[in-house]
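> my questions concern the predicted model and sequence given below.
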Amino acid sequence: MKDGIKPHYLNHRKRLKEKYKKSGFGGWQDYEVLEFALSYAIPRKDLKPIAKELMTKFKTLNGVFDADIEELKEIKGISDHTAIFIRFLKDISARYLEKGICERDLVASPQAVYNYLKASLKGACDEEFKALFLNNRNSLLAIETIQRGTVNKSVVYPRKIVERGLYLHASSLIIAHNHPAGTLTPSEDDIRITKKIFESLKLVDILLLDHVIIAGNKYFSFKEEGLF
């Protein structure tokens, strides 16, 4: 800093903060949202070029937050610390949505379930299979990851789901997994495993309410499509 002159980006950061305090993100460009977020992870640097390069590479704000840590670090100016911070913002939003469905009747609030699952599963590089266990009031007992696998391959064990359902005294449950390749249509394996899980749960008087597939920002519901 020469002759006591502050770098221009310091005043810009201050203006962004005041703008956010006044009206939230109303009227903001997506790169400005990123720029503001990055100001809490990267000190003493002009963040606009970094934010714009992130948007250029990942196309959308969702694309940035869904990106893998190593992909984020390919952008000049994004350190390991900053990449972890960006992923943290995505994961904390998923946790926020998870807490928001804890006390709700999830049968009566399917969109809340879909919103949580999209935030939780989209952008993952590998398949992840989750189960939402519900009590007899359709309220959430627990959310558990049953299986993580490689792309296009996830081995799901119905026995494990049944055991967890009995342990939690669940009355019903919703299962979900993601398609990292972006294909929304259920595969033959998806249909087969759904049927097997449904029949296994039925033997112990637990109802399978739905199987949701997440691909990008879209979802496929077995229940909505009449496959139950």
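Looks like it came in fine.

> other residues contacting the helix or strand bottoming out on mean pLDDT in the chain?
Of all helical and strand segments in the chain, the minimum by mean pLDDT, DSSP states H and E falls on helix 8-23, at a mean of 82. Outside helix 8-23, the residues that touch it by Cβ atoms under 8 Å, 6 or more residues apart in numbering are Trp28, Glu32, Glu35, Phe36, Ser39, Lys45, Asp46, Leu47, Lys48. Heads up, the C-betas are built off the backbone N, CA and C, glycines and all.

> could I get the buried residue list for whatever helix or strand comes next after that helix?
As assigned by DSSP states H and E, the chain's next helix or strand after helix 8-23 is helix 30-38. Buried residues in helix 30-38, counting neighbours by 16 or more other Cβ atoms under 10 Å, are found at Asp30, Tyr31, Glu32, Val33, Leu34, Glu35, Phe36, Ala37, Leu38.

> so what secondary structure elements neighbour helix 30-38?
If you count contacts as 3 or more Cβ pairs under 8 Å, 6 or more residues apart in numbering; DSSP states H and E, helix 30-38 packs onto helix 8-23, helix 48-58, helix 61-66, helix 80-100.

> give the rounded mean pLDDT of the longest one.
Averaged over helix 80-100, pLDDT sits at 91.

> alpha carbons only: can I get stretch 132-140 in PDB?
Provided in PDB are the C-alpha atoms of stretch 132-140 (Å, rounded to 0.1, in the frame of the first residue of the first chain):
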ATOM      1  CA  LEU A 132     -35.100 -41.300   5.400                       C
ATOM      2  CA  PHE A 133     -36.700 -43.200   8.300                       C
ATOM      3  CA  LEU A 134     -40.100 -42.000   9.400                       C
ATOM      4  CA  ASN A 135     -42.300 -42.700  12.500                       C
ATOM      5  CA  ASN A 136     -46.100 -43.300  12.500                       C
ATOM      6  CA  ARG A 137     -46.700 -39.600  12.200                       C
ATOM      7  CA  ASN A 138     -44.600 -39.400   9.100                       C
ATOM      8  CA  SER A 139     -42.000 -37.300  11.000                       C
ATOM      9  CA  LEU A 140     -38.300 -37.800  10.400                       C
END
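
> domains for this structure, by residue range?
8-94, 105-221 (automatic domain parsing).

> pipe those into JSON lines and attach distance to Leu227 per row.
Converted to JSON lines, those look like this (distance: least, Cβ to Cβ, whole Å):
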{"stretch": "domain 8-94", "distance to Leu227": "26"}
{"stretch": "domain 105-221", "distance to Leu227": "7"}
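
> please identify the deepest-packed of those domains.
domain 105-221 (a mean of 17; mean count of other Cβ atoms under 10 Å).

> end-to-end on that one?
Start-to-end span of domain 105-221 (Cα to Cα, to the nearest Å) is 18 Å.

> right, I'll leave it there.
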